[in-house]
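>>> Below is the sequence, then the predicted model.
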Amino acid sequence: MSVYRGTVRKLGLEGGLWALVTDDGRQVELIDAPDALRRDGLRAEVRGTKRGAEVSVGMVGDTVVVSGFKAL
């Protein structure tokens, strides 16, 4: 399990996806993000399991299966 801090963004790729732009500039696609996390511009700390080898529709970076979060 990893922890990521950054800003949630709604990206318009392939019908839309949710990503976290981390404080160090990386993008991770959020998989199974709860509705409360799906707020464009929300600063958050996200806990989840990284799946770097998984191919996704968005292809914006690693994918993270969200297990929890807190707004910052």
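Cool, got the structure. Being a predicted model, the structure only gives us computed values, none of them experimental. Residues are numbered from 1 along each chain as shown.
>>> mind listing what residue 7 touches?
Residues near residue 7 by Cβ atoms under 8 Å, 6 or more residues apart in numbering: 20-21, 41-44. The way it works is simple: take the backbone N, C-alpha and C, and place the C-beta from them, glycine included.
>>> Please check those and keep the buried ones.
20-21, 42, 44 (16 or more other Cβ atoms under 10 Å).
>>> nearest to residue 63, of the residues you listed?
Comparing these against residue 63 with Cβ to Cβ picks out residue 20 as the nearest, at 10.9 Å.
>>> quick one: what helix or strand has that closest one in it?
Under the criterion of DSSP states H and E, residue 20 resides in strand 17-22.
>>> Provide a list of residues in contact with the residue nearest to residue 39 when sequence neighbours are not counted.
In this structure, residue 39 finds its nearest non-sequential neighbour in residue 8, 6.1 Å apart by Cβ to Cβ, 6 or more residues apart in numbering. Residues in contact with residue 8, defined by Cβ under 8 Å, 6+ apart, are 18-20, 30, 37-44.
>>> could you redo the last one with a cut-off of 6 Å?
By Cβ atoms under 6 Å, 6 or more residues apart in numbering, residue 8 lies in contact with 20, 42, 44.
>>> Just list whatever residues bridge to it.
The partner list for residue 8 in beta bridges (DSSP bridges) reads residue 20.
>>> Against residue 27, how distant is it?
Look at residue 8 and residue 27: by Cβ to Cβ, to the nearest Å, they are 11 Å apart.
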